[in-house]
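In: the sequence and its predicted three-dimensional model are supplied below.
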Number of protein chains: 4
Amino acid sequence: MGRKQAFTRSELLDQTKRVLLEYGYEGFQLKLLSKSLVGARSTIYQYYANKEEIVAACMKRSMENVLQKASAIDETECMDALQHLLDVYLEEADFHQLLGYAHKINKANSAAAAHDLEFVEQAHVTLKSQLERLFARAQEEGHLNTSIPLPAIIGVFFNLIETPNMMNIPTPQWSKLLYQMWLGGVGRR
Amino acid sequence: MGRKQAFTRSELLDQTKRVLLEYGYEGFQLKLLSKSLVGARSTIYQYYANKEEIVAACMKRSMENVLQKASAIDETECMDALQHLLDVYLEEADFHQLLGYAHKINKANSAAAAHDLEFVEQAHVTLKSQLERLFARAQEEGHLNTSIPLPAIIGVFFNLIETPNMMNIPTPQWSKLLYQMWLGGVGRR
Amino acid sequence: MGRKQAFTRSELLDQTKRVLLEYGYEGFQLKLLSKSLVGARSTIYQYYANKEEIVAACMKRSMENVLQKASAIDETECMDALQHLLDVYLEEADFHQLLGYAHKINKANSAAAAHDLEFVEQAHVTLKSQLERLFARAQEEGHLNTSIPLPAIIGVFFNLIETPNMMNIPTPQWSKLLYQMWLGGVGRR
Amino acid sequence: MGRKQAFTRSELLDQTKRVLLEYGYEGFQLKLLSKSLVGARSTIYQYYANKEEIVAACMKRSMENVLQKASAIDETECMDALQHLLDVYLEEADFHQLLGYAHKINKANSAAAAHDLEFVEQAHVTLKSQLERLFARAQEEGHLNTSIPLPAIIGVFFNLIETPNMMNIPTPQWSKLLYQMWLGGVGRR
DNA sequence: GATGAATGAGGCTTCATTCAT
DNA sequence: CATGAATGAAGCCTCATTCAT
């Protein structure tokens, strides 16, 4: 009963992500959002009570995806696991950037937003501990250059994600290539 | 003698940079800017006609600094030059991020902004050609792993700049460390 | 320096009171308010950060007036004091109605509003204890009909304030007349 | 058999009255109304074409009740009749307050609302003339203090209705008490 | 030149009302 | 009939910019 929905919650979040990435958190406007959806701006409020909730929900969903994929990784071989993890992060590359906006959200405005962000925070901790676990093993097993501080190694690894893929190499190969550069360097062997 | 000058053009640009980096381009507001200056908000208009001009001028100044330092580098040894270049980019690390905002500026609003951005664009080309020149030589001279496409090597090099320096290692050492990881990788040798 | 003010804070509160009384709390709109002031609607925000603060400030001012006048009353003769108190309440008749809106104000929105309302609350207690003090004495001194419960007597006294003055009798006489009716009744003596 | 009826017209008007009294005319919102009814908000439009009509119908119904009760009063003894009239007005105390909103309704929007308000207006005149008739007789028959202007006496009588019944005395006794205070005053006899 | 105040355009959000199922 | 969803008008508030002192 009632009319057919103009757009689904999922479509809404898809566009939210798009607008967020294109305009940044402060540039995220409902006008921009509704322009890329079929209905009126006010229809958005059928799903979320305010801007903050939309952004928080978007982040939560993104985080859920990453978390699921990351936790599905087989950690038997730590170096393989790292390679797979890089795959995951590259597939959901934007999520890294989205996360950066998390602390800008005004939680006072909305309990729902606060709740979603709580989840994001927790998941963040989970991901971080997975990463640290793997790197600790990598170091123990002697895969890493001991003359380089571990935090620096981790930092560069994480930062690989943002490297612009100018040649549009398909993600799996691109991931392998980045991994190779990270581990082996770009210099002549 | 007239009224004391409220703040200098240079102070204005310093704070512009700070606010831009903290809040992003869309979050850049004159109220935030004037809060970190001694005078009134309206005084800003003594120097620049509108928001766009301020941001453009800020970018131009940042670019001038980098350009000057980059062009002072001795290019005799290309690998040394690259290491020095990384020094320069890290010293002015923010400039990389600032540049990302360049295309968001609405040039229609102001000729002065358009003019400044023209300069930035030009300088960008200059820097890029310096980089490409050096990388071409590095490859020719056999310093680089030929199995990796050059654009990927360059991309990773550029992206190093954004690596978070979690341990707050002083910039010169941090630069050396990043260079070492880039060239030699993080794996056991 | 700077431009001349379009309207003073006091004028703003005057009109606030007028609009509140005419349209009620839920009907209080900034558009209506600014229509009765010389400047633009947004100018209001030079004085108060939001609607709630305006209303709260209006109430506080009204309460201050009443409080000052009420506390200046000589309480030597309690029945005289009650007559004077009625004068005061009639002069500021609207304040009784304004107070009714106090609990509707959303304090969560503004600390300043909450603070003003705190004052109003306190003053309310002060006024109430003055009233109870006087009535207690009136009863002790045998001025009141003991067959009527005191709260009923007080209730009717307070309610006199709202009696519409259809003949537009000047306030002092009107006050005396109401007092006379209250104390002596309207029946033949 | 079709769908079960969501709520009756009468339930609708009951809640209308409740919401009106709680939130005032300007605060009367269909969302608040439907929250206290079993069906959907849009179902309201099965009964009335718009907000104004609902409020007008509510007032009309309230007025009809009062009118019926008031016209049933035996006017043989004018002072008894006044006491009975006070009973009636107290039983339907809210109606006095509701009436105050009548002039705020925008009649331009709806013929039906205008029609209902016309009725209310007429009934108001009827009630008023009853009151004036009784008071004229009361004065003629020497029941009232001739030193007090009749309009003032009527005003206070009418205003009694709003006196807050803090002790929650049952309406019939409360009515007698108010009548007694009005006629005989609260002072020592 | 420097300022504080004024302002209108534009964004967020709510709400009466309409529509399609 | 009953409903849930859709919608635009309208209210609040912010912010870049202009103005008068």
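Out: Alright, I've got the coordinates. Just so it is clear, the structure is predicted and the values come from calculations on it, not from any experiment. Numbers count the residues shown, from 1 in each chain, chains lettered A, B, ... in the order given.
In: where do the helices sit along chain A?
Out: A:9-23, A:30-35, A:51-71, A:78-91, A:93-101, A:111-140, A:150-160, A:171-184 (DSSP state H).
In: buried set for the shortest one?
Out: Pointing back at helix A:30-35 there. Within helix A:30-35, the residues scored as buried using 16 or more other Cβ atoms under 10 Å in any protein chain shown are A:Leu30, A:Leu32, A:Leu33, A:Ser34. Backbone N, C-alpha and C define where each C-beta goes, glycine included.
In: verify the stated contact: the third one with A:Ser42.
Out: This points to A:Leu33. No - using Cβ atoms under 8 Å, A:Leu33 is not in contact with A:Ser42; the gap is 11.9 Å.
In: verify the stated contact: A:Leu144 with A:Arg137.
Out: No - A:Leu144 is beyond contact range of A:Arg137, at 10.1 Å (criterion: Cβ under 8 Å).
In: quick one, which of the two is more surrounded?
Out: The residue with more neighbours, out of A:Leu144 and A:Arg137, is A:Leu144; 19 against 16, by other Cβ atoms under 10 Å in any protein chain shown.
In: quick one: residues contacting that one.
Out: By Cβ atoms under 8 Å, 6 or more residues apart in numbering or on different chains, A:Leu144 lies in contact with A:Phe135, A:Ala138, A:Leu150, A:Ile153, B:Val186, B:Gly187, B:Arg188.
In: which ones are touching A:Arg188?
Out: B:Gly142, B:His143, B:Leu144, B:Asn145, B:Thr146.
In: now do the first one against B:Leu160, distance only.
Out: By that I understand B:Gly142. For B:Gly142, the distance to B:Leu160 (Cβ to Cβ, to the nearest Å) stands at 22 Å.
In: quick one, domains of chain A?
Out: The record assigns chain A these domain ranges, following automatic domain parsing: A:1-47, A:51-184.
In: determine which stretch of the ones you listed is the most buried.
Out: domain A:51-184 (a mean of 17; mean count of other Cβ atoms under 10 Å in any protein chain shown).
In: who in chain A is up against DNA strand F?
Out: A:1-7, A:39-43, A:45-46 (Cβ under 7 Å from any atom of the strand).
In: in CSV: those, plus distance to C:Leu82.
Out: What follows is the residues of chain A next to DNA strand F, written out as CSV (distance: Cβ to Cβ, whole Å):
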residue, distance to C:Leu82
A:Met1, 64
A:Gly2, 62
A:Arg3, 64
A:Lys4, 68
A:Gln5, 65
A:Ala6, 65
A:Phe7, 67
A:Gly39, 64
A:Ala40, 60
A:Arg41, 59
A:Ser42, 55
A:Thr43, 60
A:Tyr45, 54
A:Gln46, 58
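In: max pairwise distance over these: which two?
Out: A:Met1 and A:Arg41 (24.6 Å; Cβ to Cβ).
In: return the helix or strand in chain A with minimum mean pLDDT.
Out: helix A:93-101 (a mean of 91; mean pLDDT, DSSP states H and E).
In: once you drop chain neighbours, what's closest to A:Glu26?
Out: Nearest residue to A:Glu26 in three dimensions, chain neighbours excluded: B:Gly27, at 3.1 Å (Cβ to Cβ, 6 or more residues apart in numbering or on different chains).
In: my guess is the one you found contacts A:Gly24. True?
Out: Yes - contact criterion Cβ under 8 Å: B:Gly27 and A:Gly24 qualify, at 7.2 Å.
In: and the residue nearest the centre of chain A?
Out: Nearest to the mean C-alpha position of chain A, by Cα atoms, centre = their mean, lies A:Phe95 at 2.0 Å.
In: residues contacting it?
Out: Contact analysis of A:Phe95 by Cβ under 8 Å, 6+ apart lists A:Ser62, A:Met63, A:Asn65, A:Val66, A:Tyr89.
In: can you do 7 Å?
Out: Going by Cβ atoms under 7 Å, 6 or more residues apart in numbering or on different chains, A:Phe95 touches A:Ser62, A:Met63, A:Val66.
In: over to A:Gln83?
Out: Neighbours of A:Gln83 in contact, by Cβ under 7 Å, 6+ apart: A:Tyr179.
In: how much space between it and chain C?
Out: Computed with Cβ to the nearest Cβ, to the nearest Å, the distance linking A:Gln83 and chain C is 50 Å.
In: so for the residue of chain A found nearest chain D, what's the pLDDT?
Out: Among the residues of chain A, A:Gly2 lies closest to chain D, at 8.7 Å counting by Cβ to the nearest Cβ. We have a pLDDT of 84 for A:Gly2.
In: ok and the least confident helix or strand of chain A relative to helix A:171-184, angle-wise?
Out: If you take axes from the mean of the first three to the mean of the last three Cα atoms, to 10 degrees, helix A:93-101 sits at 70 degrees to helix A:171-184.
In: hmm, helix A:93-101 in reach of DNA strand E?
Out: No - Helix A:93-101 lies apart from DNA strand E when judged by Cβ under 7 Å from any atom of the strand; the minimum separation is 14.1 Å.
In: wouldn't A:Lys69 be in contact with A:Val88 here?
Out: Yes - under the criterion of Cβ atoms under 7 Å, A:Lys69 makes contact with A:Val88 at 4.5 Å.
In: for chain A, which residues are neighbours of chain B?
Out: Proximity of chain A to chain B, by Cβ under 7 Å from any Cβ of the partner chain, involves residues A:23-27, A:142-145, A:148-149, A:151-153, A:155-156, A:159, A:162-164, A:166-167, A:177, A:181-189.
In: find the closest residue to chain C in chain A.
Out: A:Ala108 (9.1 Å).
In: and that residue, what's its pLDDT?
Out: A:Ala108 is given a pLDDT of 89.
In: any idea how far C:Thr163 is from it?
Out: Distance, A:Ala108 to C:Thr163, using Cβ to Cβ: 46 Å.
In: just A:Met59 next, same as before
Out: A:Met59 is 60 Å from C:Thr163, by Cβ to Cβ.
In: where does chain A have low pLDDT?
Out: Counting by pLDDT under 70, chain A has no low-confidence residues at all.
In: and it, which residues reach DNA strand E?
Out: A:1-4, A:28-31, A:41-42, A:45, A:49-52, A:109.
In: again, only using 6 Å
Out: Residues of chain A that fall close to DNA strand E, judged by Cβ under 6 Å from any atom of the strand: A:1-4, A:29-31, A:41-42, A:45, A:49-51.
In: mind putting the buried residues of helix A:30-35 into a markdown table with distance to B:Met79?
Out: Shown next, in a markdown table, are the buried residues of helix A:30-35 (distance: Cβ to Cβ, whole Å):
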| residue | distance to B:Met79 |
| --- | --- |
| A:Leu30 | 51 |
| A:Leu32 | 46 |
| A:Leu33 | 48 |
| A:Ser34 | 53 |
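In: now, which of the residues you listed sits nearest chain B?
Out: Nearest member of the buried residues of helix A:30-35 to chain B, counting by Cβ to the nearest Cβ, is A:Leu32, at 10.7 Å.
In: just to check, the closest one is in contact with A:Val19?
Out: Yes - assessed by Cβ under 7 Å, A:Leu32 is found in contact with A:Val19 at 5.0 Å.
In: picking up where we left off before, so the residue of chain A closest to chain C versus chain B, what's the distance?
Out: Plainly put, A:Ala108 is 18 Å away from chain B if you go by Cβ to the nearest Cβ.
In: what sits against that residue?
Out: Counting by Cβ under 7 Å, 6+ apart, A:Ala108 touches no other residue.
In: and the gap between it and C:Ala108?
Out: 9 Å.
In: could you do A:Glu92 as well?
Out: Look at A:Glu92 and C:Ala108: by Cβ to Cβ, they are 37 Å apart.
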